[in-house]
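Novice: My questions are about this predicted structure, shown below with the sequence.
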Amino acid sequence: MTEIVTVILDGKEIRGEKGKTVLEIALDNGFYVPNICYHPNVSPAPGKRGVEAVFRGEAEIKGEAEEYEGCGLCVVRINGEVKKACITVAEDGMEISTDDPFAVEERKRNLAKILSYHPHVCITCEYRNGCDRIQCMFGYAVEERCCDLFPRCELRFVSEYIGVPDYTPKYVFQNLPVVEEKMYRWNWNLCINCMRCVRGCEEVREADALSFTVADGNAIAGRTGRSDVESGCKFCGVCVEICPTGVPRDLKRRVSNKWRDSIVEKRLPVLREVLMLDETSVANVPETAGVFRLYDENMEIVYIKGTENLREGIAAEIGKAVYFDYEEDEMYTMRESELIQEFLQAHGRMPKLNDEVDDLFDI
Amino acid sequence: MVTVQESEYWRWPETIWVDESKNWQDAEVISCGIDLGSVSTQAVIMADGELYAYASMRTGTSSTASAEKAVNAVLEKIGDMTRENIHYTVGTGYGRVSIPFANKTITEIACHGRGAVYVYGNTVRTVLDMGGQDLKAIKVDSRGKVINFLMNDKCAAGTGRGIEVVCDMLSVPITEVGELSLKVDEEPEPVSTTCVVFAKSEILGLIRKGWSKEMILAAFFNAVSSRVVELLERVGVEPDFAITGGISKNVGVVRRIERKLNMKALEPKVDPQLAGAIGAALFARALYIKSKK
């Protein structure tokens, strides 16, 4: 029998296995606490010790073999103290507040710090949907814009959830090394030093091709050698899988193996509140033009549709899905295309129920 | 016929056409597709899934009036057909909601995919829709069903509207700019931006420098094609490749895209600007038959 602990999270009693962290118990119970350096496949980042020097291509970065503090996005108030949820083991009766103003403020400060050295104009752009990100209407340089992982970028979703603070410094392109080798391309400009790859390499593949060093108080990730071979890389691809931003990428096709396949997909925050798809909720929907989305029980989008009358449009769908959300928009035909495009890019296919014209091809 | 006025070089000719060799009364299903775009409106009448008549007009300030105008024009050309003879109408394009007489609306993405297969045959896999104010790269299967697409509706750079502006600046009719741009001995460097506003000032600079119209057009279309090729590469170009929308009639842009992709674009069987409306009309026919079952 596993021992169970009970904690009070945002006023609700939740349970979890003894020995688990506050973050794990919250996530297991369906509560979202923002995080980026945490990954279920590896140990928590704070307290991890680095080495004296790492490499990014030919560039050697010298520093101290000190500890990494963590991203600091998971801070919550526990029994009155603001703490990192990823390293605090849950204890019986703990009172946890995830939306404590001090914790929220600290989270924002830490996010601003991360974004100051990661390209982010697309994250804050009002026109991020419906844009191919090839042509930027605001004229931002390619280096300042987000990469092609944007539609499913973890950092983006977490940033949107936390809210990018106004005081976030402008990102300045550092022209860091971009290393292309036999299997992977390492674009160090995208690195946020979350050390997920470092832990993945060490703990999942039991290699030590990646590490970090602490230079001028900042932990910097890098490789332990100048090249893939020199660093002792075993070419498993765990780093590609576990990186939240896309620093290492496959140059060719993705090669599958047990280590790589063991890396689970992280749960991303739900950015909008959804409603139950039933008559009561639909009755409160305005009778205006807009776009609605239907979700199944796993919160996956199954249908995206623009309509002239939201209430009527959604009412006709009752029974076909579990949840829905909507937005009012006069230009709903355009908005519909934008949202479908976003879904397609993130999933590589259309939403399940959007195949409404499917049976019309063979007539 | 519309006469091109000297001051309006952007003005592309509106066309109304009917297949005189056929009698629509022999057909079982008369379907209509209307593609109400930002710059142009097409109304297509199909008789049993075959193109019978169409009107391609400019979109006016009122979407509803533009749709009415196009349908009235095509019916007038046919002569003895009335609205009551049309069994089913599908509207598409950004203005699709403003077509009061449409039985159903379907997204332009689905319609362009379906229409492209009619216009280019079922070997087409990658469709580039170059419209008046946006660009779409669409990947389809052999039936014309969309499997992926990428568009930019936030920025009109490199679209039809931009080309219209350039035509006016250089006083060359829009139907001739494509040919003219190919009459250069050496391809000039592309203009640095396809943004309509910035390109305009850059081209003014080139005019002042004494560049020929041919060279300026070549430089502009060079930039337009580069921008489009980047979009296509993002979705992945799979042969066969085809271009729909108004710009597909501009050989200057088409040849340059082909050169950059190292791939020939398919030759259209009918006016490729009609692809969206044809797709809509084909869906309309299927919907009508389905409703009768």
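Specialist: In hand now; what should we look at?

Novice: In three-state terms, label the closest residue to A:Asp362 other than its chain neighbours for me.
Specialist: In this structure, A:Asp362 finds its nearest non-sequential neighbour in B:Arg143, 7.4 Å apart by CB to CB, 6 or more residues apart in numbering or on different chains. (C-beta placed from N, C-alpha, C; glycine too.) Secondary structure for B:Arg143, judged by DSSP: H, G, I helix; E, B strand; the rest coil, is coil.

Novice: Pull the number of nearby residues for B:Arg143.
Specialist: B:Arg143 sits with 13 neighbouring residues when counted by other CB atoms under 10 Å in any protein chain shown.

Novice: could you measure it against B:Phe149, distance?
Specialist: Remark: distance between B:Arg143 and B:Phe149 (CB to CB, to the nearest Å) = 16 Å.

Novice: Also A:Phe343?
Specialist: Distance, A:Phe343 to B:Phe149, using CB to CB: 11 Å.

Novice: And these two? Which one has more around it.
Specialist: Neighbour totals were compared for A:Phe343 and B:Phe149, and B:Phe149 leads with 24 against 19 (other CB under 10 Å).

Novice: for the helix or strand bottoming out on mean pLDDT in chain B, packing partners?
Specialist: Ranked by mean pLDDT, DSSP states H and E, the weakest helix or strand in chain B is strand B:146-152, scoring a mean of 85. Packing contacts for strand B:146-152, counted by 3 or more CB pairs under 8 Å, 6 or more residues apart in numbering or on different chains; DSSP states H and E, involve helix A:332-347, helix B:108-120, strand B:135-140, helix B:213-235.

Novice: Mind putting these into TSV with distance to A:Val204?
Specialist: Compiled in TSV, the helices and strands packed on strand B:146-152 are given as follows (distance: least, CB to CB, whole Å):
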stretch	distance to A:Val204
helix A:332-347	25
helix B:108-120	40
strand B:135-140	35
helix B:213-235	31
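
Novice: Let me know which of the ones you listed is tucked in deepest.
Specialist: Across those, averaging neighbours per residue (mean count of other CB atoms under 10 Å in any protein chain shown) puts helix B:108-120 on top, at a mean of 28.

Novice: Run the angle between it and strand B:135-140 for me.
Specialist: Computed with axes from the mean of the first three to the mean of the last three CA atoms, to 10 degrees, the direction of helix B:108-120 lies at 70 degrees from that of strand B:135-140.

Novice: and the angle for helix B:108-120 with strand B:146-152?
Specialist: If you take the same axes, to 10 degrees, helix B:108-120 sits at 110 degrees to strand B:146-152.

Novice: C-terminal to helix B:108-120, what's the next element?
Specialist: Sequence order places strand B:126-130 as the next helix or strand after helix B:108-120, per DSSP states H and E.

Novice: Pull up the pairing partners for that following strand, direction included.
Specialist: Using DSSP bridges, the strands paired with strand B:126-130 are strand B:135-140 (antiparallel), strand B:241-244 (parallel).

Novice: So what touches that strand?
Specialist: For strand B:126-130, the external contacting residues (CB atoms under 8 Å, 6 or more residues apart in numbering or on different chains) are B:108, B:112-113, B:116, B:135-140, B:159-160, B:228, B:231-232, B:235-248, B:253, B:257, B:275-276.

Novice: repeat that for 7 Å
Specialist: Taking contacts as CB atoms under 7 Å, 6 or more residues apart in numbering or on different chains, the residues outside strand B:126-130 that touch it are B:112-113, B:116, B:136-140, B:159-160, B:228, B:232, B:237-238, B:241-248.

Novice: Show the pLDDT at A:Arg196.
Specialist: We have a pLDDT of 96 for A:Arg196.

Novice: For it, give its distance to A:Gly222.
Specialist: Distance, A:Arg196 to A:Gly222, using CB to CB: 14 Å.

Novice: For the stretch 51-200 of chain A, which segments are assigned as strands?
Specialist: In the stretch 51-200 of chain A, the strands defined using DSSP state E, counting those that start in this stretch lie at A:53-56, A:59-62, A:75-78, A:81-84, A:95-97, A:178-180, A:184-187.

Novice: Quick one: the helices in the stretch 251-363 of chain A, in order.
Specialist: Ranges of helices in the stretch 251-363 of chain A, per DSSP state H, counting those that start in this stretch, are A:258-261, A:279-283, A:310-315, A:332-347.

Novice: For B:Tyr54, find the nearest of those.
Specialist: Ranking those by proximity to B:Tyr54 (CB to CB) places helix A:332-347 first, at 22.0 Å.

Novice: list the contacts for A:Glu336?
Specialist: By CB under 7 Å, 6+ apart, the contact set of A:Glu336 is A:Val291, A:Ile304, A:Lys305, A:Gly306, B:Thr107.

Novice: contact partners of stretch B:137-152?
Specialist: A:131-132, A:135, A:337, A:341, A:344, A:361, B:109-110, B:112-114, B:116-117, B:122, B:124-129, B:134-136, B:231-232, B:234-235, B:238.

Novice: Tell me which residues touch the nearest residue to B:Thr107 once chain neighbours are set aside, please.
Specialist: Of all residues not flanking B:Thr107 in the chain, A:Ser337 sits nearest, at 6.3 Å (CB to CB, 6+ apart). For A:Ser337, the contacting residues are B:Thr107, B:Ile109, B:Met151, B:Asp153, by CB under 7 Å, 6+ apart.

Novice: Out of these, the closest to B:Ser40 would be?
Specialist: B:Ser40 has its nearest neighbour among these in B:Asp153, at 16.3 Å by CB to CB.

Novice: Number of residues surrounding that closest one?
Specialist: For B:Asp153, the neighbour count with other CB under 10 Å is 23.

Novice: Does it touch A:Arg335 like I think?
Specialist: No - using CB atoms under 7 Å, B:Asp153 is not in contact with A:Arg335, being 9.5 Å away.

Novice: In the record's domain split, what are the boundaries for the chain?
Specialist: Because you didn't say which chain, this covers chain A. A:178-261, A:275-360 (automatic domain parsing).

Novice: Sorry, I should have been clearer: chain B.
Specialist: With automatic domain parsing as the reference, chain B has domains B:15-115+B:274-292, B:122-268.

Novice: Looking at those domains, which one is packed in the most?
Specialist: domain B:15-115+B:274-292 (a mean of 22).

Novice: and residue 221, what does it touch?
Specialist: Here I'm looking at chain A. Contact partners of A:Ala221, counting by CB under 7 Å, 6+ apart, are A:Val54, A:Cys191, A:Asn193, A:Met195, A:Cys197, A:Val198, A:Leu210, A:Phe212.

Novice: other chain: chain B
Specialist: B:Phe221 is in contact with B:Ser181, B:Gly252, B:Val253, B:Arg256, counting by CB under 7 Å, 6+ apart.

Novice: how close does the first one sit to B:Phe198?
Specialist: What it means is B:Ser181. B:Ser181 sits 19 Å away from B:Phe198, going by CB to CB.

Novice: can you check the third one too?
Specialist: Counting by CB to CB, the separation of B:Val253 from B:Phe198 is 19 Å.

Novice: Tell me which of the contacts of A:Glu336 fall in strands.
Specialist: Using DSSP state E to define strands, the subset of the contacts of A:Glu336 located there is A:Val291, A:Ile304, A:Lys305, A:Gly306.

Novice: shouldn't the last one be in contact with A:Met331?
Specialist: To tie it back to what came earlier, the one meant is A:Gly306. No - the pair A:Gly306 / A:Met331 is not scored as a contact, 8.9 Å apart, by CB under 7 Å.

Novice: ok, the two, which is more surrounded?
Specialist: Between A:Gly306 and A:Met331, counting by other CB under 10 Å, A:Gly306 is the more crowded of the two (25 against 15).

Novice: Is A:Pro269 in contact with A:Ser159, as I believe?
Specialist: No - with contacts counted by CB under 7 Å, A:Pro269 stays clear of A:Ser159, the gap being 9.9 Å.

Novice: coming back round to it: export the helices of the stretch 251-363 of chain A to TSV and append columns for mean pLDDT.
Specialist: Output for the helices of the stretch 251-363 of chain A, formatted as TSV (pLDDT from 0 to 100):
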stretch	mean pLDDT
helix A:258-261	93
helix A:279-283	90
helix A:310-315	93
helix A:332-347	85
